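Visitor: structure, please.
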Amino acid sequence: MTAIRGLKLALAVFSLFAAGACATLPDTEALIERHTGQAARFENARGELSAGKSAAILAELKRKSGDIDILEKQIVLEQAIVGSPLILGNKVTLLQDGAATYSAMFAAIRNARDHINLETYIIEDDEIGRQFADLLLAQQARGVQVNLIYDSVGGFNTPKAFFDRLTQGGIQVLEFNPINPLTAKTAWRINNRDHRKLLVVDGRTVFLGGINISSVYSSGSILKRAGKVETNTVPWRDTHLQIEGPVVAEFQKLFMETWEKQRGNPLARKDYFPVLTAQGKDIVRAIGSTPDDPFSLIYLTLISAIGNAEKQVHLTNAYFVPDPQLLKSLTDAAARGVDVKLILPSHSDSAIVFHAGRAHYSGLLQGGVKIFERGGALLHSKTAVIDGVWSTVGSTNLDWRSFLDNDEVNAVILGREFAQQMQAMFARDLEASQAIDPQGWERRPLHFRVREWMARVWGRLL
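Guide: Numbering: from 1, shown residues only. Take a look at the predicted model:
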C-alpha cells in the first residue's frame, strides 16, 4: 500500500497549497474544561435511562473495576462532546487479523436477508476482493440490497471493470470524493479521504476496525501496485470488531450520513433501522469523525481518556505521527505515574511515516513513555486500552491525516471483561515486540537521524 501513501502525500501537498492549509487541531484543554460537570447517562434498546438507573449502572461499573476515576469523568466528557449515546446490551467480539475477520464477515453476508452496507478505504481486485465481490453479487441477486462506498484514493489501482461488474449486478456503488474533479458530485475536496472500514448487515450486525479488503491480510505476499508480486512471509497484524445489539443503529447512521453527503443515488427501500434488542452486556459508543466537524471527535476522546488515566495507557498503532498535544498527554500521563506503553511498527509500508514517527522517540522516552516495535508482522492495528476498563478499536491512526483530513470510525467499549481481552491481545503483541532502549536509541546511526529529520518536516501531511 506504499503507492497509495505516496499518492496521498502528493495530493495533500497540492491540496494544502490550494486551500491555504487552514485546518488545525483543537485546543483540547479548553474543550475538556468546557464540557465537564454533567451526570453520566446511558441508553438501552428502548431509549435513554433515568438518572437513577444511569447512576446505578455507573456504580456497578466502578464496583467491578475498582475505584477508577476515569469512568465517570470519561463517560460525562464523551457524551457532552461526541453526542452519540453510550448504549447498553451489546455483544462485542474481538477479531484478530484478516483470516478470522473475513471468515466472520463472509458468514454474516451469507446470512443477510434485507441489506448489506459496506464502506471501505481499500477494496482490491485480488483473491479476497473477488471473493467479496462474488458473495455480494450473489446476495444482490437473491434480493438483498448491497450498497458500497469506496474511497477514490484507496481504490486508485482497482480497475474500473471491478466496480462496473458490481454495478451491472445491481449493487449501488458510490466513489467517495473522486480524484477526478469532473466526476465529483460535491465540492472537490481531494484531501478528505474516507478511511473507514465499516460493514453493516441487516442493520443488526456491524464490523469495524483497521482491516481493508485486500489479500495482504490473508497471504504471505504483498501485492505491489505496479502489478508485481513480492514474496514476503511476514503477515499483516490488524484488529477488527464484530458488534451485535442496539449500538449498531449508530454505526448505520454514520453510513447513511456519508451516502447522503456524497450525494449517492437514492437507496432502495429496505429495513435499514430494524427494532433492536439486547444481545449481550457490553457498553458501546459509536464515534465517527469527519473534517466537517468542528474538531475530530475521536482525537479529543482519546486525548481526554489519556488525561483521565490513573494506571495504564496501552496504545497500538500503525502510523504514528503525533501532534504536540498528543505528545504532551502521553508524557504528562507518564509523569504522574501512569504506565504508558506504545506498540508501534518495526517496519512499515510507508518509510516516510515510519521515520516521522521515530523522530519523536527521544522526547517520549525521556518523558517516561515506554516504546516497543512489533516484530514478525507488519503492524496495522489501531487500538487502545486504558486503566483496564476503557477500550477503543477503529480505523483511526495517530497521525495528522486521521485527525484532520479523514472520515474515521471507532468504537469505545466500557467494562473490565472486554478490556481484559484487549489487554491479553496487547500482551501477546508485546511478547512479539522489541523494547526501545533509551540509551541505545541515543546511539543510533546518523543516517537514521537524517531520515527522521527529513520525514518530520512532512509530518503534517502524513
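
Visitor: pLDDT-wise, which helix or strand of the protein ranks last?
Guide: For the chain, counting by mean pLDDT, DSSP states H and E, strand 221-223 ranks last in confidence among helices and strands (a mean of 32).

Visitor: where do the helices of the stretch 1-150 of the chain begin and end?
Guide: Taking DSSP state H, counting those that start in this stretch, the helices of the stretch 1-150 of the chain run over residues 2-19, 28-34, 51-65, 70-81, 97-110, 127-141.

Visitor: which parts of the fourth one are buried?
Guide: By neighbour count, with 16 or more other C-beta atoms under 10 Å as the criterion, the buried positions of helix 70-81 are 70, 71, 72, 73, 74, 75, 76, 77, 78, 79, 81. From N, CA and C alone the C-beta is placed, and that goes for glycine too.

Visitor: identify the farthest-apart pair in these.
Guide: 71 and 81 (16.3 Å; C-beta to C-beta).

Visitor: average pLDDT for stretch 128-139?
Guide: Mean pLDDT, stretch 128-139: 98.

Visitor: how about stretch 357-375?
Guide: 95.

Visitor: how deep is residue 392 tucked in, by neighbour count?
Guide: Applying other C-beta atoms under 10 Å, we find 23 residues neighbouring residue 392.

Visitor: show me what the host helix or strand of it is packed against.
Guide: According to DSSP states H and E, residue 392 maps onto strand 390-394. Here strand 390-394 touches helix 70-81, strand 205-209, strand 239-244, helix 297-308, strand 382-386, strand 406-414, helix 416-431, going by 3 or more C-beta pairs under 8 Å, 6 or more residues apart in numbering; DSSP states H and E.

Visitor: what about the helices in the stretch 251-400 of the chain?
Guide: Ranges of helices within the stretch 251-400 of the chain are 297-308, 324-335, 351-358, 361-366, 400-404, based on DSSP H, counting those that start in this stretch.

Visitor: tell me the mean pLDDT for the second one?
Guide: Summarised as a single mean, pLDDT over helix 324-335 is 96.

Visitor: repeat for stretch 296-310
Guide: Stretch 296-310 carries an average pLDDT of 91.

Visitor: begin at 4 from here
Guide: Yes, from this point I'll number from 4; that puts the last item at stretch 299-313.

Visitor: list the contacts of that stretch.
Guide: With contacts defined as C-beta atoms under 8 Å, 6 or more residues apart in numbering, stretch 299-313 is touched by 28-29, 31, 34-35, 71-73, 76-77, 80-81, 84-86, 290-292, 316, 328-329, 332-333, 335-336, 341, 387, 389-390, 393, 395, 397, 399, 405-407, 411, 413, 415.

Visitor: ends of stretch 265-272, what's the gap?
Guide: 19 Å (C-alpha to C-alpha, to the nearest Å).

Visitor: contacts for it next, please.
Guide: 118, 148, 150, 152, 175, 177, 179, 180, 188, 189, 259, 262.

Visitor: so who does the first one touch?
Guide: Applying C-beta under 8 Å, 6+ apart to residue 118 gives the contacts 147, 148, 149, 150, 204, 205, 206, 271, 273, 274, 275.

Visitor: show me where pLDDT drops low in this structure?
Guide: Applying pLDDT under 70 to the chain flags the ranges 4-27, 29, 31, 33-43, 65, 67-72, 74-75, 222-236, 461-465.

Visitor: show me the domain layout of it.
Guide: By the assignment in automatic domain parsing, the chain contains the domains 5-91+284-464, 95-264.

Visitor: how far does the last one sit from its chain's centre?
Guide: Its chain's C-alpha centre and that of domain 95-264 lie 14 Å apart, by C-alpha atoms, centre = their mean, to the nearest Å.

Visitor: phi, psi of the nearest residue to residue 359 once chain neighbours are set aside?
Guide: Closest residue to residue 359 apart from its sequence neighbours, by C-beta to C-beta, 6 or more residues apart in numbering: residue 458 at 3.8 Å. The phi/psi pair for residue 458 (degrees, to the nearest 10) reads phi -70, psi -40.

Visitor: residue 458 contacts residue 358, correct?
Guide: Yes: shown here, residue 458 and residue 358 form a contact pair, counting by C-beta atoms under 8 Å, at 3.8 Å.

Visitor: hang on, the earlier thing: got CSV for the helices and strands packed on strand 393-397, with distance to residue 282 too?
Guide: Listed next are the helices and strands packed on strand 393-397 as CSV, based on distance: least, C-beta to C-beta, whole Å:
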stretch, distance to residue 282
helix 73-84, 21
strand 208-212, 9
strand 242-247, 4
helix 300-311, 24
strand 385-389, 22
strand 409-417, 14
helix 419-434, 14
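
Visitor: tell me which of those lies nearest to residue 321.
Guide: strand 385-389 (6.3 Å).

Visitor: what angle separates the closest one from strand 242-247?
Guide: In terms of direction (axes from the mean of the first three to the mean of the last three C-alpha atoms, to 10 degrees), strand 385-389 departs from strand 242-247 by 70 degrees.

Visitor: that'll do, ta.
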